[in-house]
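In: my questions are about this predicted structure, shown below with the sequence.
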Amino acid sequence: MLGRETSATLQERAAEEKELRKPTPANELGPFYKKRAPETAMLRAAGDPGMPLSVSGQVLDTRGEKLPNVVVEVWQTDHLGHYDLDGYRYRAKLPADSSGNYKFESVMPGHYPDRVCQHIHYLVTAPGHKPLVTQLYFATDPVFEGDPDKNFNRDPLIHSRELVRPVMLVGDPKDIHAAVNFELCLERA
Ligand SMILES: [Fe+2]
């Protein structure tokens with residue numbers, strides 16, 4: 001039988017050798033970020049037009065450990081592709097979650113003339129880790145014509161297929177909404 005120390009050493013070594021996760025690819029910050037967004041997970045107001053959208057995910061480090069004390073900021077257009085430049089509609093700093101999970105409620109963003117694809121911007125920070133600036137895209141975007149593997153780079157800003165996420169339609173027929181999972185992996189500073 002292995003002594004306790006030996007066993008601990010082996011565990012450490014196993015952790016070191018554990019296959020590293022790749023950090024989530026970065027993507028442009030863009031010109032529409034605003035500081036001091038309100039802390040909320042509900043970006044959608046009652047009666048807002050557009051397809052309701054729930055986004056959730058985990059924030060991990062490159063070893064696959066969940067990161068507590070993460071700050072996730074998101075911003076996007078409304079369903080018609082307009083950013084709120086005067087106020088803070090569809091902009092939020094998500095409430096901190098000690099378990100490394102995040103979740104928010106919104107609507108599917110629209111297209112706008114300067115960008116090819118629908119997207120949500122992210123700025124993610126955690127103590128001891130490099131800030132991550134990225135964007136989430138949707139496999140259902142009509143620009144991809146049903147084939148994001150082939151067509152993801154129709155938007156010249158999408159350098160990585162993994163930023164294009166599957167969209168599930170959930171709920172009953174009278175209350176359908178879109179749900180997306182987007183895992184975020186941060187690199188140590
Ligand atoms: Fe944008």
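Out: Arrived safely, thanks for sending. Numbering: from 1, shown residues only.
In: wait, doesn't Trp75 sit right on Pro31?
Out: No - with contacts defined as C-beta atoms under 8 Å, Trp75 does not count as touching Pro31, sitting 11.2 Å away. C-betas here are computed from N, CA, C, even on glycine.
In: comparing those two, which residue is more hemmed in?
Out: Under the criterion of other C-beta atoms under 10 Å, the comparison of Trp75 against Pro31 puts Trp75 first, with 23 against 8.
In: report the contact partners of that one.
Out: For Trp75, the contacting residues are Phe32, Tyr33, Lys34, Ala37, Tyr83, Tyr90, Arg91, Ala92, Ile120, His121, by C-beta atoms under 8 Å, 6 or more residues apart in numbering.
In: same thing but at 7 Å, please
Out: Listed by C-beta atoms under 7 Å, 6 or more residues apart in numbering, the contact partners of Trp75 are Phe32, Tyr33, Ala37, Tyr90, Arg91, His121.
In: in a markdown table, list these along with neighbour count and secondary structure.
Out: Written out in a markdown table, the entries for the contacts of Trp75 read as follows (neighbours: other C-beta atoms under 10 Å; DSSP: H, G, I helix; E, B strand; the rest coil):
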| residue | neighbour count | secondary structure |
| --- | --- | --- |
| Phe32 | 15 | coil |
| Tyr33 | 14 | coil |
| Ala37 | 18 | coil |
| Tyr90 | 23 | coil |
| Arg91 | 22 | strand |
| His121 | 22 | strand |
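In: out of those residues, who's nearest Leu186?
Out: Taking C-beta to C-beta as the measure, Leu186 lies nearest His121 of these, at 16.3 Å.
In: relative to Pro95, how far out is the closest one?
Out: Here the criterion is C-beta to C-beta, to the nearest Å. By it, His121 lies 18 Å from Pro95.
In: can you tell me the closest non-neighbouring residue to His111?
Out: Setting aside the residues directly before and after it, His111 is nearest to Gly81 in space (C-beta to C-beta, 6 or more residues apart in numbering), at 5.1 Å.
In: again but with Glu183, I slipped
Out: For Glu183, the closest residue by C-beta to C-beta, 6+ apart turns out to be Gly57, at 4.8 Å.
In: returning to that earlier point: any chance of the contacts of Trp75 in CSV, plus distance to Lys103 and pLDDT?
Out: Converted to CSV, these look like this (distance: C-beta to C-beta, whole Å; pLDDT from 0 to 100):
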residue, distance to Lys103, pLDDT
Phe32, 23, 97
Tyr33, 21, 98
Ala37, 16, 98
Tyr90, 16, 98
Arg91, 16, 98
His121, 17, 98
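In: before we move on, the earlier item: number of nearby residues for the residue nearest to His111?
Out: Counted with other C-beta under 10 Å, the neighbours of Gly81 add up to 15.
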